[in-house]
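Chemist: this one's sequence-less:
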């Protein structure tokens, strides 16, 4: 369903204002909800094939560091296959490297202490080198801080993660991205090199509004940090994946793990941080995940609100958005959509046990566990989710995330959501009747004020 006219107008106006005030040749943005593109807008024109034409949903821009989110997804996928451990030191996968004490997890979360850039000329505006030359240029001095002392964004770290992926699999990084991510997700217009139609990228002169077209170099061994090109249509597919992953590509649990903060990068207000390859932002009570990106001549942002499965993508074909920041624009657009059109609650449906008619009761051994329970004068309710086969405990009145338990054996359940995640629920019985629920030594009874 498209955005409401008033919401669409707000997005259109914000993009038009950012393009005009920011003095960029072209600026585009798009919104996705529940896996469906619901709005596209653009302002300005781009040169190249069809000179003077308006950019569209299929126009490629360079996405810069949004590439890192895909590199990180590959690392986590190999972890899930047992081919690496996040706390592996880098030397385990790149033997002989002089920065081998840093771990895979630290590199993913930008807390490795590595310097931001590799040696040589500024890599983003220079032709890249091959993997052997890249690794051969490393020295121990590339470690600027002790790991985890502080957040320090490192492009170099993602070049090293890409090198580790190649050495671990025997496949080039780009082949892994294409075969394991892009093809399964139908992202055919996300490419290593630009393909028409694509927006040329520029630096805008600060005083007389002239343009200088920027080179489009192959980043070589640094490609995992920022090489790729994409379109709004394709990156909306990636936004959908970040909200609700395709399990054959990456499990929902692993994607959720990527969104857990590794470090807070804004210690004064706690509004920004990094997970495992994803930037994290807080706007009010909402948390967004995604990444910004820049390469000479290009700016990009991808921001996703996972609970509502809503995402925004925006691109500009200039290196500077005067008076603003592409990341803030993306967060503003996403917030505007969510404020104007909050996600509707999922419709209630009668519980259905697989293979039974709607409204079927819980299994016989689960039924005595449902209902009201008490702990230290506080009331809780246990219910049965037939669709997932989970026992669900919520506070009364409902507050915070529900505890969701899956069965591990007779009278034994494991929590996998909420503050008790990982803890075990044991059913206590007396004379074969359920007497209490023991969750990590906290005993819940039917009596609001049990005797000691």
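Modeler: Yes, it's here. These numbers come from a predicted model, not from an experiment.
Chemist: any buried residues in stretch 424-440, and which?
Modeler: Buried residues in stretch 424-440, defined by neighbour count with 16 or more other Cβ atoms under 10 Å: 425, 427, 434, 436-437, 439. (Glycine included, C-beta is placed from N, CA and C.)
Chemist: endpoint to endpoint, that stretch covers what distance?
Modeler: With Cα to Cα, to the nearest Å as the measure, stretch 424-440 spans 6 Å from end to end.
Chemist: cool, and stretch 435-445?
Modeler: By Cα to Cα, one end of stretch 435-445 lies 7 Å from the other end.
Chemist: domain-wise, how is the chain divided?
Modeler: Domain ranges of the chain: 5-340, 367-445, per automatic domain parsing.
Chemist: nearest to residue 348, out of these?
Modeler: domain 367-445 (12.0 Å; Cβ to Cβ).
Chemist: where does the stretch 1-150 of the chain dip in pLDDT?
Modeler: Across the stretch 1-150 of the chain, the ranges flagged by pLDDT under 70 are 47-52, 123.
Chemist: what's the longest helix in the chain?
Modeler: Longest helix of the chain, by residue count under DSSP state H: helix 5-22.
Chemist: list the contacts of residue 99.
Modeler: 90, 112, 114, 138, 140, 142-143, 160 (Cβ atoms under 8 Å, 6 or more residues apart in numbering).
Chemist: PyMOL command to pick out the buried ones of those?
Modeler: The buried residues among the contacts of residue 99 can be selected in PyMOL (16+ other Cβ under 10 Å) with this line:
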select buried, resi 90+112+114+138+142+143+160
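Chemist: with the contacts of residue 99 in mind, which one is nearest to residue 303?
Modeler: Nearest to residue 303 among those, with distances taken as Cβ to Cβ, is residue 112, at 24.8 Å.
Chemist: quick one on the thing from earlier: so which bits of the longest helix of the chain are buried?
Modeler: By neighbour count on 16+ other Cβ under 10 Å, the buried set for helix 5-22 is 7-8, 10-12, 14-15, 18-19, 22.
Chemist: quick check: bridge partners of residue 427?
Modeler: residue 437 (DSSP bridges).
Chemist: residue numbering should commence at 580 henceforth.
Modeler: Shifting the count to begin at 580 puts that one at residue 1006.
Chemist: I'd guessed it sits against residue 1016; true?
Modeler: Yes: with contacts counted by Cβ atoms under 8 Å, residue 1006 reaches residue 1016, the gap being 6.3 Å.
Chemist: any residues in contact with both of those two?
Modeler: Going by Cβ under 8 Å, 6+ apart, residues that sit against residue 1006 and also against residue 1016 are residue 948.
Chemist: stretch 861-868 spans what distance, first to last residue?
Modeler: Stretch 861-868 has its terminal residues 9 Å apart, counting by Cα to Cα.
Chemist: ends of stretch 899-913, what's the gap?
Modeler: 21 Å.
Chemist: same check on stretch 837-853?
Modeler: Counting by Cα to Cα, you get 9 Å between the two ends of stretch 837-853.
Chemist: and that stretch, what's its mean pLDDT?
Modeler: Averaged across stretch 837-853, the pLDDT comes to 94.
Chemist: need the residues that contact stretch 784-802.
Modeler: Contacts for stretch 784-802 (Cβ under 8 Å, 6+ apart): 602, 604, 641, 646, 697, 702-710, 712-714, 734, 737-738, 741-742, 752-753, 771-773, 779-783, 804-806, 875-876, 898.
Chemist: if you set the cut-off to 6 Å instead, what comes out?
Modeler: The contact list for stretch 784-802 (Cβ atoms under 6 Å, 6 or more residues apart in numbering) reads 702, 706-708, 710, 713, 738, 779-782, 806, 875-876.
Chemist: okay, buried residues for it please.
Modeler: Under 16+ other Cβ under 10 Å, the buried positions of stretch 784-802 are 790, 793, 795-796, 798-802.
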